[in-house]
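Visitor: Fold the stuff below for me.
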Amino acid sequence: MEKRRGIRKLTDNPFLNLYKIEAIDTKGGEFPYYFASRNEESRIKIHTQSMEPEGIVIYAVTNERTPRLVLIRQYRYPLDAYLYELPAGLVDAGETPGMAAAREMKEETGLDFTEYTGGKELYRRPYFMGPGFTDEASAAVYGTVSGDVSDAFTEASEEIAVVLADKSRVEQILANERVSLRGAYLMMHFLHAEGPFTFLE
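Guide: As a prediction, the model looks like this:
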């Protein structure tokens with residue numbers, strides 16, 4: 001059954017654009033459906049059916065006997081509030097998710113990131129972020145960090161505080177603070193894992 005009759009780009013922004021689909025409901029009626037995409041018009045997933053990730057989220061722990069999880073507390077304009085998250089960002093052209101993770105970790109925290117490649121590959125494949133309103137996919141990258149926390153590489157448009165959280169701090173944040181959903185799920189894994197990456201096996 002036909003699901004749409006057309007699609008039109010409504011905005012012209014270098015970072016994110018709004019599209020309107022002439023969607024068809026289950027009774028054959030037409031209705032407007034809107035979604036946002038970071039992709040160029042020719043590369044929106046409705047056309048390509050690609051599974052390539054636009055972004056990554058980074059699950060990173062410290063190299064300590066009792067590892068701590070790297071979190072950031074970041075101001076988010078749509079909420080006018082600070083949100084606890086895991087470091088994250090976009091994958092630039094020519095980058096692998098691991099390369100993007102190392103770059104983003106340095107930019108957001110000043111820490112050096114070493115990718116962990118053990119465990120099952122299925123935990124690294126891209127998954128969709130919010131398919132009701134965007135075609136964006138994101139992949140998780142896992143690893144360890146070293147070095148010192150620094151804001152020397154942070155962009156002026158980002159207001160970020162780095163938090164190296166042990167399990168009790170992670171639990172307190174989940175119980176009481178504003179947290180991103182993908183960050184929350186990975187924080188839950190950190191809480192219940194016997195070792196920092198055992199949940200990947």
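Visitor: who's in contact with G55?
Guide: 88-91, 129, 136-139 (CB atoms under 8 Å, 6 or more residues apart in numbering). Just so you know, the C-beta spots here come from the backbone N, C-alpha and C atoms, and that holds for glycine as well.
Visitor: So which residues of the chain form strands?
Guide: Counting by DSSP state E, the chain has strands at residues 4-9, 17-24, 30-37, 55-62, 69-76, 81-85, 88-90, 112-115, 127-128, 137-146, 160-165.
Visitor: nearest to G118, of the contacts of G55?
Guide: A139 (16.1 Å; CB to CB).
Visitor: where in the chain is pLDDT low?
Guide: Residues of the chain meeting the criterion pLDDT under 70: none.
Visitor: Report the central residue of it.
Guide: Central residue of the chain (CA atoms, centre = their mean): V57, 4.0 Å from the mean position.
Visitor: Across the sheet, point out what pairs with it.
Guide: A88, A140 (DSSP bridges).
Visitor: Which residue, neighbours along the chain excluded, lies closest to V91?
Guide: Sequence neighbours aside, A100 is the residue nearest to V91 in space, at 4.4 Å (criterion: CB to CB, 6 or more residues apart in numbering).
Visitor: Looks like the one you found contacts P87 (just checking).
Guide: No: judged on CB atoms under 8 Å, A100 makes no contact with P87 at a distance of 10.7 Å.
Visitor: The two: who's more crowded?
Guide: Counted by other CB atoms under 10 Å, A100 and P87 do not tie: P87 has more neighbours, with 27 against 21.
Visitor: what sits against the more buried one?
Guide: P87 neighbours (CB under 8 Å, 6+ apart): 57-58, 60, 70, 72, 101, 104-105, 108-109.
Visitor: redo that, cut-off 10 Å
Guide: P87 makes contact with 56-60, 70-72, 74, 101, 104-109, 111, 113, 141, 145, 160, 162, 183, according to CB atoms under 10 Å, 6 or more residues apart in numbering.
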